[in-house]
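1. Got a sequence here, can you model it:
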Amino acid sequence: MKLKGRRILLTKPVRKESTIKLSEKEEAEIEASMMRSWTALEVFAIGDSVESVTVGDKVYIPSGALKNCEVVEVDSSVKLMLQEGDVAIIW
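-> Now for the predicted structure:
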């Protein structure tokens, strides 16, 4: 896999599976609520033009950008694809 441009892939935190069956609406509400607590997401991969972050950095992405990110499956795990400019804080 080779990521192009100023894109970054972040590792999406894994949510524990519930034994209770939830509707799609309820699942979406829980996901949106969880996004607000994601304050330090790990950079999984960077595009060939990215300059400000490196793989392994922890970053904060505003929830508005997270709501509009692309979801990509890589090696059977879910990643979030955003633009480098969406990064607000780097740890």
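
2. As a check, name the ranges of all helices in the chain.
-> Taking DSSP state H, the helices of the chain run over residues 24-35, 63-67.

3. The last one: how far from the chain's middle?
-> If I follow you right, that is helix 63-67. Distance of helix 63-67 from its chain centroid, counting by CA atoms, centre = their mean, to the nearest Å, is 9 Å.

4. Same question for the first one.
-> Distance of helix 24-35 from its chain centroid, counting by CA atoms, centre = their mean, is 15 Å.

5. buried residues in it?
-> Met35 (16 or more other CB atoms under 10 Å). C-beta: built from backbone N, CA, C; applies to glycine.

6. Remind me what that helix packs against, helices and strands.
-> helix 63-67 (3 or more CB pairs under 8 Å, 6 or more residues apart in numbering; DSSP states H and E).

7. Please put the alpha-carbon coordinates of the helix it packs on into PDB.
-> The C-alpha coordinates for helix 63-67 follow below in PDB (Å, rounded to 0.1, in the frame of the first residue of the first chain):
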ATOM      1  CA  SER A  63     -14.700  16.200  15.600                       C
ATOM      2  CA  GLY A  64     -16.100  18.000  12.500                       C
ATOM      3  CA  ALA A  65     -13.200  16.600  10.400                       C
ATOM      4  CA  LEU A  66     -13.700  13.200  11.900                       C
ATOM      5  CA  LYS A  67     -17.300  13.100  10.900                       C
END
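
8. Mind listing what's buried along that helix?
-> Ala65, Leu66.

9. Ok, stretch 65-75 next?
-> Applying 16+ other CB under 10 Å to stretch 65-75 flags Ala65, Leu66, Cys69, Val72 as buried.

10. what do you get for stretch 8-26?
-> Neighbour counts over stretch 8-26 (16+ other CB under 10 Å) mark Ile8, Leu9, Leu10, Lys12 as buried.

11. Any idea how far it is from the middle of the chain?
-> Here stretch 8-26 is found 13 Å from its chain centre; the criterion is CA atoms, centre = their mean.

12. outside of that stretch, which residues touch it?
-> Residues from elsewhere that reach stretch 8-26 (CB atoms under 8 Å, 6 or more residues apart in numbering): 3, 30-31, 34, 38, 41-47, 50, 53, 59, 61, 71-72, 74, 77-84, 87.
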